[in-house]
Structures are given as C-alpha cells and as structure tokens.
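J.: Return atomic coordinates for the entry below.
(one chain, ligands or ions: 1)
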Amino acid sequence: MSDLRSIVRGVGGYLPDRIVTNDELAKTIDTSDEWIQQRVGIKQRHIAAEGEFTSDLAVHAARRALDNARLSPDDIDLIIVGTTTPDYTYPATATLVQNKLGMHHGFAFDIQAVCSGFVYAMVTADSYLKNGMAKRALVIGAETNSRILDWTDRTTCVLFGDGAGAVVVELGGDGERGILASSLRSDGHFWDKLYVDGGPSTTQTVGHVHMEGKEVFRHAVGKITDVVENVLSRTGYTVKDLDWFVPHQANLRIIQGAGEKLHIPPEKVIVTVDRHANTSAASVPLALTEAVTDGRIKRGDLVMIEAMGGGFTWGASLIRW
Ligand code: ACO
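T.: As a prediction, the model looks like this:
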C-alpha cells in the first residue's frame, strides 16, 4: 500500500436544463410550495429531457471535471459511477460513459448504494488508487430519478431531481492533502423502508420509489452523525477543525438536524437541496462542485462529505482539499 493519498484534482457538475418548481407540481398533484418548502426545504428540481440518459448527464459532469483538472480522458484509467438509475439493466453505466468519452483503456464499473453511491464510489476509488490498480479515477454520481418516480404519489415525487457530479481523483500530494479517512456502513434490515418496487429478478419492470418517510427521517440524523464522528475520531481531528460539511442533499431538516447534533455552525454547511432537490448519488459531487466553483472550498480546507440512503447505506469521508 502506498503512503500517498488520493487527492481531488478537479470537480464538475451538470443539471438538465428543465427546471420544475413546486408551483408547477401543484398543478398536477395535491401539494403546495409552502408544504414542500416547510417539510424538506426544496423550491425546485431539474428534470432530464426525453432521450437524455443518466450516462449523458454523467458525461457532461465528467468532461467538466476533466476540464477543471486540465486533463483529458487519456489521463484516466478508472471510472466509477454511483447510480441507482442506470441506462440499462446491464452493462454498467460507467462503461457507457467510458465509450462516450472515447476511451478503450482502463476499466469502469457502477456502484449501487443509492444516495450513498458517491461516498461508496470515492472510498472504492481510494482503495484502487492506493493498491496500485489505477493511477487516476473519474468518480461520478449520476441520476435520472425522474424515471423511477410515481408522479401521482405526492409523498415521494416532490422530493427528487436529476443531475450528475464528478470528481477526478489521483494519487499524490504532499502527504497532507487527500482522503484522510472514511467509514462505510449498511444495514439491509431496513431495505424496505426506502426501495424501488421493481427489478429484473422480481418483476421484470423498473418500478417506482416507495418510502416510509418518518422511518427514514428517524434513522438519518443518528446514522450520519455516527459515521462522521467515527471518521473524525480516527484522524484526531474534531468538529471544530472542519472548514466545510458537505452532506447528502436529501432534505433540509435532515441536514440541519445532523449539523446541530454535530455542533457544526450553519455557515460551514453546503446546501443545494433548495435548488436541486434530492439527486441521490449526484448530490454530494454537485454540492462540492458548487462550493469549489464559487470559491468557498479552497485548497487546504478540511472537508467532510457524508451520505445516507436506501439499504440503508451510509458513509462519510474526510478530505484535506
Ligand atoms: N404535499 C402536501 N401534503 C403531503 C405531501 C405533499 N407533497 N406529502 C405528504 N403529505 C401529507 C400526507 O398525506 C399527510 O396527510 P394526512 O395527515 O392527511 O394523512 C401529511 O402530509 C403528513 O404526512 P407525513 O408522511 O406524516 O409527513 P411527515 O411529517 O413525515 O413528512 C416527509 C414527510 C417530509 C417525507 C418526512 O417524513 C421526511 O422528511 N422524511 C425523510 C425522507 C427523505 O428525506 N427521503 C429522501 C430519500 S432518503 C435519503 O436520501 C436520506
């Protein structure tokens, strides 16, 4: 194993052009802007165009991350896509991204950990880089959640949106920068609290999102704070040392609840859920991209990313930017 760390060299995000506001949703289902904003802090979401697939969103984000890193696809030898809405049952969306980027070299695969997909993908890329299997990775979270929503079910369809975010990760740095520690967890006991009721082996259909919202809420804050504290305790850092907290953007009340329990000041918390809604595996890289692009996250900052989602799965990584 190398002593070098996996450092983030570039970030990029992509949101489909079409924006759907809460008021627009209220024209077709029995909901209101007030209810949605008060319960989950969402004002709008982006929805992919007909014929625009998860791999298309992923490629846009990947190209932007490569530009940001001043690299080309030739410089990448590993692609991991965290997604729960793949283009096809198989092959992996990551291989479609590889093809669209014109790559014949390296290797590519998907990770299915629902909203925790990007954190799982980052940890996986970190392992491959450290054990010498790859030199430089594109780690992508990409989703077309709109394709698995029941648009007549007001309890779920108001919560999600489409989008993609990507980072370029490479081994290097001066020993200070990079992924410092990570923690991943899952507990399949809770599989049916948040699931999509279809699949090749069960129904031969894609299915729709089903969620016991109160149960998800009840577990979210505790599970998030557990992994964040676990990661911090293994590095010797404390919450006070964090410059930025970049949580999965499921719901403003969950984000605020975790921030309060961890005693992280709100001004250190990156929030995009109001404009993006829950983009599942794409939410953390999209939030990272926004905060890096607008100059909040700077080189040398201590950044905690975390996510929790269906499975349940949850995890966190501490990154010296
Ligand atoms: N608009 C208007 N009314 C609604 C809507 C809506 N979109 N959705 C539900 N309601 C109604 C319900 O039908 C119910 O009406 P009733 O009392 O007449 O039966 C009422 O609002 C209250 O419903 P509850 O389900 O009890 O509402 P709750 O306070 O639990 O809030 C919510 C629901 C916002 C989903 C909450 O449970 C929550 O935030 N859960 C976390 C879920 C989440 O964020 N999931 C994201 C995916 S998981 C992840 O990424 C971590």
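J.: For V139, grab the count of nearby residues.
T.: Using other CB atoms under 10 Å, the number of residues around V139 comes to 29. C-betas here are computed from N, CA, C, even on glycine.
J.: In a strand, it, correct?
T.: Yes: assessed by DSSP: H, G, I helix; E, B strand; the rest coil, V139 belongs to a strand.
J.: okay, it: pLDDT?
T.: For V139, the pLDDT comes out at 99.
J.: What residues does G310 make contact with?
T.: T84, V114, C115, W191, K193, L194, Y195 (CB atoms under 8 Å, 6 or more residues apart in numbering).
J.: Hmm, the second one is touching S280, no?
T.: In other words, V114. Yes: contact criterion CB atoms under 8 Å: V114 and S280 qualify, at 6.3 Å.
J.: Looking at these two, which one has more neighbours?
T.: S280 (34 against 23).
J.: Do a quick rundown of the strands in the stretch 151-300 of the chain.
T.: Assigned by DSSP state E, counting those that start in this stretch, the strands in the stretch 151-300 of the chain fall at 162-172, 178-186, 194-196, 209-211, 244-247.
J.: overlap in contacts of V114 and S280?
T.: Counting by CB under 8 Å, 6+ apart, the shared contacts of V114 and S280 are T84, G309.
J.: which non-adjacent residue is nearest the residue nearest the centre of the chain?
T.: Nearest to the mean C-alpha position of the chain, by CA atoms, centre = their mean, lies A281 at 3.1 Å. In space, and not counting its chain neighbours, A281 is closest to G117: 3.1 Å by CB to CB, 6 or more residues apart in numbering.
J.: Give me the distance from the helix or strand I7 falls within to the chain's centre.
T.: According to DSSP states H and E, I7 maps onto strand 5-14. Offset of strand 5-14 from its chain centre (CA atoms, centre = their mean, to the nearest Å): 13 Å.
J.: Packing partners of it?
T.: helix 54-69, helix 117-130, strand 162-172, strand 178-186, helix 283-293 (3 or more CB pairs under 8 Å, 6 or more residues apart in numbering; DSSP states H and E).
J.: list the contacts for the residue of the chain found nearest the ligand?
T.: For the chain and the ligand, the shortest gap (CB to the nearest ligand atom) falls at G213, measuring 2.7 Å. With contacts defined as CB under 8 Å, 6+ apart, G213 is in contact with T155.
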